[in-house]
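> can you look at this prediction? I've put the sequence above it.
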Amino acid sequence: MPLPMQVSMPLALHLKCRALDISWDEYLENRNCDIYINGSDIESFAFVDQNSELLLATIQFGRILQIIYEYPDWSQIYRFFSQQYTKRNLLSNRSGRVLNYVPRISYSFSYLPPPTANFNTDPSNIGLPADFVKQPIDATNNAVGRVGGPDTLNLSLGPALSVGIGPASYMDLIHTGCAPGETKSPTSTTPIAKSHRDGRDRTAQEWRELWTIIADWAYEHQAATILAFEEGIMYKYLLTDRQRQRMDDIQYYGKKKVPRDLLWSECIWAADGIRDMFDQIVRNPIKFHGIEWEFLRMDVEVDVANAFLQRFGPRPETQVEMMRDLKKVVSLPDWAGVSLYQGVRADRLRSCPDTYRGADWEKWLLSIEGGCVVKVDTVFQALWAVILLTYWPLHITIIDKDGRFQRYPTQTLSIYEHLENARTQTASNAYHNHGMC
């Protein structure tokens, strides 16, 4: 069975990512800014998946997101990662500000004694894992360690989102309870620093705000570690001679931190990547409406995907067509007062939720069991039904226009034969799901 609930897998194809395989001339021209490319494609995703530790990285990033999602009081996280100690309170919480050496690779070490930083360094003081810094380092190394080319970090961050926060919260994050092509502004005005609750029902704006603080803390931690333990510096860009002279002066004479826009480390890369993922959702959430179509090619069995396309048609070419298609009604009306589902036992018929709220879909999914018939009314419902049921231990059969519910009595079939003679379509908008043998 595949990794549970990677329903956000298509997000990996649409997140803007930093290019790594650029030419020397491009590098020289853009040495002071990131070069971004707009997402990836299914073939590249499949290649990276087969030739790297992408699945392991997805699990690891999902775990990081889950830790934050389930933490009962985000205000404590915000306070911990944002707190700075000045000369006036330099003696406060000294034991919680010891900067222990965190190796970037397993066999590295340092003989230098740990100093006391001017920020909190021990996440376990608020109940977070003690290795909270090491976790993103390991995840990043697994995500990008074996494959060069475009930034493969997003190829693991995309699927990790729903692994960490669940499919219901992911739906709410992308669709905000609105129909495809529509969105709404967040209604909560309570700052995270004063919001004493966990990650459930959080907006993308709140996720971005929290991870901005965490990313800034990651930089402070890594910059201070390099300075304290005399680690080698890795830069985001190829430095000019003038910049390199400046860095030499900072490192060997000034003993100051490397500037934020130049310093690179796996921990900084991971934290910035998670922050940027939420930032892209905030800036243009509608961009990610309809990406569910890619899921059919990425993680659905071939025969099920083919049956879906045959029943509901191919993926629309343009964004406008996609938004219109997702809301298209695909249910068939009753004929002569005879319901197309008359032969289905009432306790086996499951109509998809007529909402775009994750909680409603989660409740619906938990009601599904072997032998159920799922009724869909729109393409959006059809896509999400297949996506969610892909990770359920069921066999999915999509009834086409010539299909019948073979497991029901003969007199029920005669109704469909009667309807078939009068119409060219029957109950092809339904799914027949039964347990796997």
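Received it, and whenever you're ready, just let me know what you need.

> ok, R324 - how many residues close by?
For R324, the count of nearby residues is 14 (other Cβ atoms under 10 Å). Every residue, glycine included, has its C-beta placed from N, CA and C.

> wait, is it part of a helix?
Yes. Counting by DSSP: H, G, I helix; E, B strand; the rest coil, R324 is found in a helix.

> roughly how far does it sit from P180?
Noted for R324: a distance of 9 Å to P180, by Cβ to Cβ, to the nearest Å.

> which one is the residue nearest the centre of the chain nearest to, not counting chain neighbours?
The geometric centre of the chain, computed from its C-alpha atoms, lies nearest to L161 (Cα atoms, centre = their mean), at 2.6 Å. Spatial nearest neighbour of L161, chain neighbours left out: S8 (4.3 Å); criterion: Cβ to Cβ, 6 or more residues apart in numbering.

> correct me if wrong: the one you found contacts P159.
Yes. Counting by Cβ atoms under 8 Å, S8 does reach P159; the two are 5.9 Å apart.

> what residues are shared contacts of these two?
With Cβ atoms under 8 Å, 6 or more residues apart in numbering applied, the contact sets of S8 and P159 do not overlap.

> F308 contacts I398, correct?
Yes. F308 lies in contact with I398 (Cβ under 8 Å); the separation is 5.8 Å.

> shared neighbours of the two, anything?
V386.

> in terms of neighbours, single out the busier of those two.
The residue with more neighbours, out of F308 and I398, is I398; 26 against 21, by other Cβ under 10 Å.

> low-confidence ranges in the stretch 251-400 of the chain?
Low-confidence segments of the stretch 251-400 of the chain (pLDDT under 70): 251-255, 332-342.

> low pLDDT regions in the stretch 1-150 of the chain?
1-4, 18-37, 103-112, 148-150.

> where do the helices sit along it?
Along the stretch 1-150 of the chain, the segments classed as helices by DSSP state H, counting those that start in this stretch run 11-14, 24-29, 42-51, 54-70, 74-82, 134-144.

> contacts for the longest one?
What it means is helix 54-70. For helix 54-70, contacts defined as Cβ under 8 Å, 6+ apart pick out 3, 6, 48-49, 74, 77, 128-129, 132, 135-136, 138-140, 142-143, 152, 155-157, 159-161, 163-166, 169, 198-200, 210, 270, 274.

> at 6 Å instead, please
48, 135, 139, 142-143, 156-157, 159-160, 163-165, 199 (Cβ atoms under 6 Å, 6 or more residues apart in numbering).

> R350 pairs with what?
Beta-bridge partners recorded for R350 (DSSP bridges): V374.

> measure it to G199 for me?
R350 is 29 Å from G199, where distance means Cβ to Cβ.

> spatially, and excluding backbone neighbours, which residue is closest to V144.
In space, and not counting its chain neighbours, V144 is closest to T152: 5.1 Å by Cβ to Cβ, 6+ apart.

> correct me, but that neighbour touches V48?
Yes. Using Cβ atoms under 6 Å, T152 is in contact with V48, at 5.2 Å.

> between these two, tell me which one has more neighbours.
Neighbour count, other Cβ under 10 Å: between T152 and V48, T152 has more, with 27 against 22.

> tell me the spacing between the more buried one and L54.
From T152 to L54 the distance is 7 Å (Cβ to Cβ).

> overlap in contacts of the two?
With Cβ under 6 Å, 6+ apart as the test, T152 and L54 both reach V48.

> what's next to stretch 72-90, contact-wise?
Identification of contacts with stretch 72-90 by Cβ under 6 Å, 6+ apart yields 71, 118-120, 126, 192-193, 195-196, 198, 213-214, 217.

> go again with 7 Å.
68, 71, 92, 97, 118-120, 123, 126, 192-199, 210, 213-214, 217 (Cβ atoms under 7 Å, 6 or more residues apart in numbering).

> then stretch 287-306?
In contact with stretch 287-306 (Cβ under 7 Å, 6+ apart) are residues 2, 6, 9-11, 13-14, 42, 174-175, 180-181, 281, 308, 315, 322-323, 326, 383-384, 386-387, 390, 396, 398.

> drop anything exposed from the residues you listed.
6, 9-11, 13-14, 174-175, 180, 281, 308, 322-323, 326, 383-384, 386-387, 390, 396, 398 (16 or more other Cβ atoms under 10 Å).

> partners of T116 in the sheet?
The partner residues for T116, given DSSP bridges, come to V98.

> how about the strands of the stretch 251-400 of the chain, start to end?
Here the stretch 251-400 of the chain has its strands, by DSSP state E, counting those that start in this stretch, at 263-264, 349-351, 373-375, 394-398.

> follow-up on the earlier one: ok, now which ones touch the residue nearest to V144?
Applying Cβ under 7 Å, 6+ apart, the residues contacting T152 are 48, 52, 143-144.

> gap between it and A160?
13 Å.
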